[in-house]
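**Student:** Sequence plus the predicted model coming up.
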Amino acid sequence: MSAVLLTGIAGLALLDALNPATIAGVALLLLSPLRRPVTAAALFALGAFTAVLGLGIALFFGADVAAGAIDDAMTWLRRAALLLGAVTLATAGVRRFRARTRAAVVLPGWVSIRTAVPLGVLLTGADLPNAFPYFLAVERLISAGVPAGQAVLVLAGYAVIYCLPCIVLVVAGAALRDRVRPRLDRLYARLGAEKALPANSAIALLLLVLAAGIAVLAFLW
């Protein structure tokens, strides 16, 4: 497996790691009145890892089977990933033309130490359809002919990188405890709290131009 391939996949994972919902979920758990908030946040991160790795394995083996049965299956997987990214950016761009209120990320009433893992799976899994870098990473692995065992290890590494922001927050929460609470409050306010988003035509146009560029790239690459 080439270093270039691994570097590219690591870059996609870093891009994918910037997931506001998952990060806000960890911050909320660390701020929660649960008896062991750090443990709950760590288990939540484990759930996020499980969701990402599970999707990657399913995509890899499903796409690998399709590649053996359908001509140009990898080309269409690559196009689907890029078009998904284009749709995501275009949707965000259209929304920025008007003012709106972002819904808050909140913890359900049933959250506890026992349910932190499934909560991480659910919250992360709900956002995975927008994770178009992951589709590209899987397509690269299959196109490069990476053996299944190595591919699973790479996907596990991808999932770890995806969870890095969560891991950093958990470690900081465990080490600094009350001293980190003000920063967690600010982080949650920025990423997860209900927030009025004003219209911004410049950003909207930029996102739409990026979406158009990615859509064109989908059929040129």
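**Tutor:** Good, I have the coordinates. Quick caveat, the model's predicted, so the values are computed rather than measured.
**Student:** Compute the number of surrounding residues for L136.
**Tutor:** 22 (other C-beta atoms under 10 Å). Every residue, glycine included, has its C-beta placed from N, CA and C.
**Student:** Leaving out chain neighbours, which residue sits closest to it?
**Tutor:** A81 (4.6 Å; C-beta to C-beta, 6 or more residues apart in numbering).
**Student:** And for V152?
**Tutor:** Of all residues not flanking V152 in the chain, I57 sits nearest, at 6.3 Å (C-beta to C-beta, 6+ apart).
**Student:** hmm, back to that, where's the residue nearest to L136, which helix or strand?
**Tutor:** In the assignment (DSSP states H and E), A81 maps to helix 73-95.
**Student:** right, and the residue nearest to V152 touches V154 too?
**Tutor:** No - if you go by C-beta atoms under 8 Å, I57 and V154 don't touch, sitting 11.0 Å apart.
**Student:** Neighbour count for these two, which is higher?
**Tutor:** Using other C-beta under 10 Å as the criterion, I57 and V154 rank with V154 on top: 23 against 17.
**Student:** mind listing the helices for the chain?
**Tutor:** Per DSSP state H, the chain carries helices over the ranges 3-16, 20-31, 37-69, 73-95, 116-127, 132-143, 148-162, 164-176, 181-191, 201-220.
**Student:** other SSEs contacting the shortest one?
**Tutor:** Packed against helix 181-191 by the contact rule (3 or more C-beta pairs under 8 Å, 6 or more residues apart in numbering; DSSP states H and E) you find helix 20-31, helix 164-176.
**Student:** And the contacts of the first one?
**Tutor:** Pointing back at helix 20-31 there. 37-38, 40-41, 44-45, 48, 105-107, 111, 116, 119-120, 123-124, 126-127, 163, 165-166, 169-170, 173, 180-181, 184-185, 187-188, 191-192 (C-beta atoms under 8 Å, 6 or more residues apart in numbering).
**Student:** ok, back up a step: looking at the helices and strands packed on helix 181-191, which is nearest to N200?
**Tutor:** Comparing the helices and strands packed on helix 181-191 by their distance to N200 (C-beta to C-beta), the top pick is helix 20-31, with 17.6 Å.
**Student:** Please export the C-alpha coordinates of the closest one as CSV.
**Tutor:** What follows is helix 20-31, C-alpha atoms only, in CSV (Å, rounded to 0.1, in the frame of the first residue of the first chain):
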residue,chain,number,x,y,z
PRO,A,20,-20.2,19.5,14.6
ALA,A,21,-23.0,17.1,15.8
THR,A,22,-20.6,14.5,17.2
ILE,A,23,-18.2,17.1,18.8
ALA,A,24,-21.2,18.9,20.4
GLY,A,25,-22.5,15.6,21.7
VAL,A,26,-19.2,14.9,23.5
ALA,A,27,-19.2,18.5,24.9
LEU,A,28,-22.7,18.1,26.2
LEU,A,29,-21.9,14.8,27.9
LEU,A,30,-18.9,16.3,29.6
LEU,A,31,-21.1,19.2,30.8
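**Student:** about what we covered before: and among the helices and strands packed on helix 181-191, the most buried is which?
**Tutor:** helix 20-31 (a mean of 24; mean count of other C-beta atoms under 10 Å).
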